[in-house]
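> model the following, please.
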Amino acid sequence: MNRARPFHFGKLLLASAALAGLSLASLANADTLDEIKKSNSVRIGYANETPFAYTATDGSVTGESPEIVEKIFQRMGVETIKPVLTEWGSLIPGLRAGRFDLIAAGMYITPERCKQVIFTDPQYQLPDTLLVKAGNPKNLHSYEDIAKSGAKLAIMSGTVNLNYARDGGISDDQILQVPDTTAQLQAVRSGRADAAVGTQLTMKGLAEKGGDSLEAISEFKDDPSHTGYGALAFRPEDTALRDALNAELKKWLGSEEHLKTVEPFGFDKSNITDKTAAQLCAQ
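Below you'll find the predicted structure:
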């Protein structure tokens with residue numbers, strides 16, 4: 001027998017709101033990709049970090065990530081890339097505030113960042129190392145060595161290395177947080193820090209800039225789980241844009257054109273990985 005049920009107006013409002021939210025979310029997903037295609041241009045956020053994304057001496061923006069973004073968007077029919085420079089620690093807030101459409105800065109995929117942004121699958125894998133004075137006078141080869149020696153470590157603000165250093169026993173009064181890699185170089189060169197930490201390629205690049213007075217150590221004892229996996233990052237609602245780039249990247253990464261594109265920045269086949277963003281976000 002059918003029984004009349006009371007009409008819950010509040011539940012209807014909630015259900016309607018939920019449906020409206022889904023509709024708005026669906027529209028938002030398509031909006032950024034559609035706008036990029038209509039304007040034939042895309043805004044990318046980057047921070048000065050060689051070789052991932054940086055302003056060259058002639059004022060142009062280059063690096064592994066911007067060059068890949070340019071190639072991928074060309075494949076999608078988008079010709080104009082508009083770079084937006086910001087400090088590393090402001091990349092995610094700037095993205096979420098709408099200052100740019102994606103982050104193209106070699107940002108590592110971490111579970112913490114996955115709560116704030118969404119990523120393509122990684123473009124590369126890369127270990128870290130230390131930048132020190134030539135000859136490594138304090139014999140630093142790990143976070144633990146730095147912790148025990150009382151040495152000062154320069155870390156770029158907003159990077160994963162801050163947590164790695166603390167987990168390795170380094171106290172906050174041993175940590176010098178700086179805005180970019182140029183400041184890391186200056187800190188070690190001037191003696192304000194005994195070492196700087198960052199990706200192997202970045203530290204090697206800084207050592208070359210520092211001349212004979214600095215070196216990037218060849219053996220850094222680090223947790224294998226600290227290997228970095230760099231990718232492009234997007235606002236959580238921009239799944240359509242992320243998925244479109246992910247599809248193109250899957251077809252392109254590892255190709256002859258890809259390897260030729262990233263070779264000037266020190267990347268090769270050994271940096272290619274089959275890890276996915278979903279796997280790295282779930283760690």
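> ok, Leu280 - contacts?
For Leu280, the contacting residues are 109-111, 114, 119, 122, 229, by CB atoms under 8 Å, 6 or more residues apart in numbering. Yep, even glycine has a C-beta here, placed from its N, CA and C like the rest.
> element containing it?
helix 277-281 (DSSP states H and E).
> any buried residues in that helix, and which?
Neighbour-count burial for helix 277-281 flags 277, 280-281 (criterion: 16 or more other CB atoms under 10 Å).
> next: stretch 150-169.
The neighbour-count check on stretch 150-169 (16+ other CB under 10 Å) flags 151-156, 158-162, 164-165, 168 as buried.
> can you check stretch 79-98 too?
81, 83-84, 86, 88-92, 94-95.
> right, and the pair among those with maximum separation?
Longest distance between any two of the buried residues of stretch 79-98 is 22.9 Å, between Ile81 and Gly89; criterion CB to CB.
> surely Gly63 and Leu85 touch.
No: contact status for Gly63 versus Leu85: not in contact, 11.9 Å apart, counting by CB atoms under 8 Å.
> neighbours of Ser255, how many?
Other residues within reach of Ser255 by the criterion other CB atoms under 10 Å amount to 11.
> for the stretch 101-250 of the chain, which segments count as helices?
Secondary structure of the stretch 101-250 of the chain by DSSP state H, counting those that start in this stretch: the helices cover 111-114, 143-149, 161-167, 181-190, 200-210, 239-252.
> CSV for those helices, including mean pLDDT?
Converted to CSV, the helices of the stretch 101-250 of the chain look like this (pLDDT from 0 to 100):
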stretch, mean pLDDT
helix 111-114, 96
helix 143-149, 98
helix 161-167, 96
helix 181-190, 96
helix 200-210, 93
helix 239-252, 97
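> nearest to Asp31, of those?
Closest among those, once you apply CB to CB, is helix 239-252, at 8.5 Å.
> show me which residues of the closest one are buried.
When burial is assessed from 16+ other CB under 10 Å, helix 239-252 yields the following buried residues: 239-242, 244-246, 248-249, 252.
> which of the residues you listed lies closest to Leu176?
Using CB to CB, Arg242 comes nearest to Leu176 of the buried residues of helix 239-252, at 34.8 Å.
> gap between that closest one and Thr202?
Separation of Arg242 from Thr202 (CB to CB, to the nearest Å): 25 Å.
> same question, Glu219
Between Glu219 and Thr202 the distance is 17 Å, computed by CB to CB.
> what residues are up against Trp252?
71-72, 75, 258.
> hmm, try it at 7 Å
Residues near Trp252 by CB atoms under 7 Å, 6 or more residues apart in numbering: 72, 258.
> just Gly230 next, same as before
Contacts of Gly230 by CB under 7 Å, 6+ apart are 52, 106-108, 122-124, 126.
> which of those residues tops the neighbour count?
Most neighbours among the contacts of Gly230, by other CB under 10 Å: Met107, with 30 neighbours.
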